[in-house]
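**Student:** This is a predicted model, with the sequence first.
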Amino acid sequence: MSPVKVFGHPMLTNVARVMLFLEEVGAEYELVPIDFVAGEHKRSQHVQLNVSRRQFVDRSPYQVQVMIFDRDATCFSSLQPFAKMPGFQDGDLVLFESRAIAKYILRKYGGTAGLDLLGENSGIEELAVVDMWTEVEAQQYYPAISPVVFECIIIPFIIPGGGATPNRSVVDESLERLRGVLGIYEARLEKSSYLAGDSISFADLNHIPFTFYFMTTPYAKVFDEYPKVKAWWEMLMARPAVQRVCKHMPTEFKLGAQY
Ligand SMILES: N[C@@H](CCC(=O)N[C@@H](CS)C(=O)NCC(=O)O)C(=O)O
C-alpha cells in the first residue's frame with residue numbers, strides 16, 4: 001500500500017506539526033515538497049507525485065534535503081483550496097488543516113503504535129481535559145506566541161520578499177499576552193507533568209512548531225521566568241520524534257537568508 005503523502009516544506013510550522021504526529025506513531029509517509037518561495041502552492045497547475053531521486057543541496061546557511069520529481073499533473077489547489085500548506089493525501093482521502101490531519105493520523109495509527117495521545121481510550125473526563133488543553137493551545141497560546149515568530153522570523157526570513165524589521169509594538173504586546181498564558185501554564189504544570197495530566201497528549205505536542213521557532217528569537221529567555229514550563233518544554237524537545245522533525249527547521253536566521 002502506498003504511504004500517505006504530506007505536501008509542503010518541512011521547515012513550515014504546520015507541515016512540521018503533521019510530520020511530528022506521523023513520526024510519533026512511526027507511520028510511513030512521503031513528503032512531497034512544495035517550492036513555496038516560487039509560489040508553487042498558489043499555482044493552479046502543479047504538484048508532482050512521483051519522487052524520482054533525492055539529494056541534499058546546500059542552500060546556505062542550511063542543508064536542505066530536496067526531492068527531485070517527475071512532474072505530473074496533480075495541482076496543489078485540488079488538494080488544498082485555500083492554498084496553504086500542508087496538504088495531505090491517504091489514497092482517495094484528501095485533507096487539509098494541520099490539526100485535523102494530525103487527529104486523523106493519531107486515530108488511524110495511534111492504536112498500532114500503542115499511543116493514545118487524544119485520550120480516546122480513557123474516560124470521557126480525561127478526553128475532555130485533553131480537548132480543553134488542545135483548545136487552549138489553539139485559542140490562547142498560538143495567538144500569543146505566533147506574532148513574535150511572524151515578526152522575528154517568518155516575515156523577515158521565510159516569506160519571499162520579506163526582510164522587514166520586526167514591529168516592536170506588536171512584539172511587546174504579544175510578549176505581554178504570552179507571559180499571561182505562561183503564568184497559567186506554570187500553575188498547571190505545578191500539579192501535573194503535562195498539560196492534560198501526567199501523560200503526554202496531543203495538547204502538549206501541538207506546541208512544538210511555533211515554540212521551536214520562538215526559542216530561536218531573542219525573546220526565548222521569557223521561558224526562564226517559568227521553570228515548570230521550561231522543564232516541560234525540555235521534556236517535549238527530548239522526544240526522538242520531535243528531534244527528527246525539528247532537524248528540518250533552521251535555528252539561525254541571517255538577513256537575506258533564502259530557503
Ligand atoms: N490553519 C492552517 C494554516 C496553514 C498555513 O497557514 N500554512 C502556511 C505554512 S505554515 C502557509 O501555507 N503559508 C503560505 C501562504 O500563506 O502563502 C493549518 O493548520 O494547516
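**Tutor:** Yep, it's here. Owing to the predicted nature of the structure, the values given are computational and were not obtained by experimental measurement.

**Student:** tell me which parts of the chain are close to the ligand?
**Tutor:** 12-14, 36, 41, 84-85, 97-99 (C-beta under 6 Å from any ligand atom). From N, CA and C alone the C-beta is placed, and that goes for glycine too.

**Student:** now do 5 Å
**Tutor:** 12-14, 84-85, 97-98 (C-beta under 5 Å from any ligand atom).

**Student:** Just the buried residues out of the residues you listed, in PyMOL syntax.
**Tutor:** Per 16 or more other C-beta atoms under 10 Å, the buried members of the residues of the chain next to the ligand correspond to this PyMOL selection:
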select buried, resi 12+13+14+84+85+98
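
**Student:** want to throw the residues of the chain next to the ligand into TSV with secondary structure and pLDDT?
**Tutor:** What follows is the residues of the chain next to the ligand, written out as TSV (DSSP: H, G, I helix; E, B strand; the rest coil; pLDDT from 0 to 100):
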residue	secondary structure	pLDDT
L12	coil	94
T13	helix	96
N14	helix	97
K84	coil	92
M85	coil	94
E97	coil	96
S98	helix	97
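
**Student:** And for whichever residue of the stretch 101-250 of the chain sits closest to the ligand, the neighbour number?
**Tutor:** Of all residues in the stretch 101-250 of the chain, the one sitting closest to the ligand is I101 (7.4 Å; C-beta to the nearest ligand atom). Neighbours of I101 under the rule other C-beta atoms under 10 Å: 23.

**Student:** Over to S193?
**Tutor:** S193 has 14 nearby residues by other C-beta under 10 Å.

**Student:** so what's it up against?
**Tutor:** 199, 232, 235 (C-beta atoms under 8 Å, 6 or more residues apart in numbering).

**Student:** Of these - the most surrounded one?
**Tutor:** That'd be W232 among the contacts of S193, by other C-beta under 10 Å, with 23 neighbours.

**Student:** one step back: give me the subset of the contacts of S193 that lies in helices.
**Tutor:** Among these, the members found in helices (DSSP state H) are 232, 235.

**Student:** now the strands: where do they sit in the stretch 51-200 of the chain?
**Tutor:** For the stretch 51-200 of the chain, the strands defined by DSSP state E, counting those that start in this stretch cover 62-70, 87-90, 93-96.

**Student:** returning to what we had before: in CSV, list the residues of the chain next to the ligand along with distance to Y29.
**Tutor:** Converted to CSV, these look like this (distance: C-beta to C-beta, whole Å):
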residue, distance to Y29
L12, 16
T13, 18
N14, 15
K84, 19
M85, 15
E97, 17
S98, 14
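
**Student:** Just the closest of the residues of the chain next to the ligand to I159, please.
**Tutor:** Nearest to I159 among these is L12, at 10.9 Å by C-beta to C-beta.

**Student:** Thanks again, I'm all set now.
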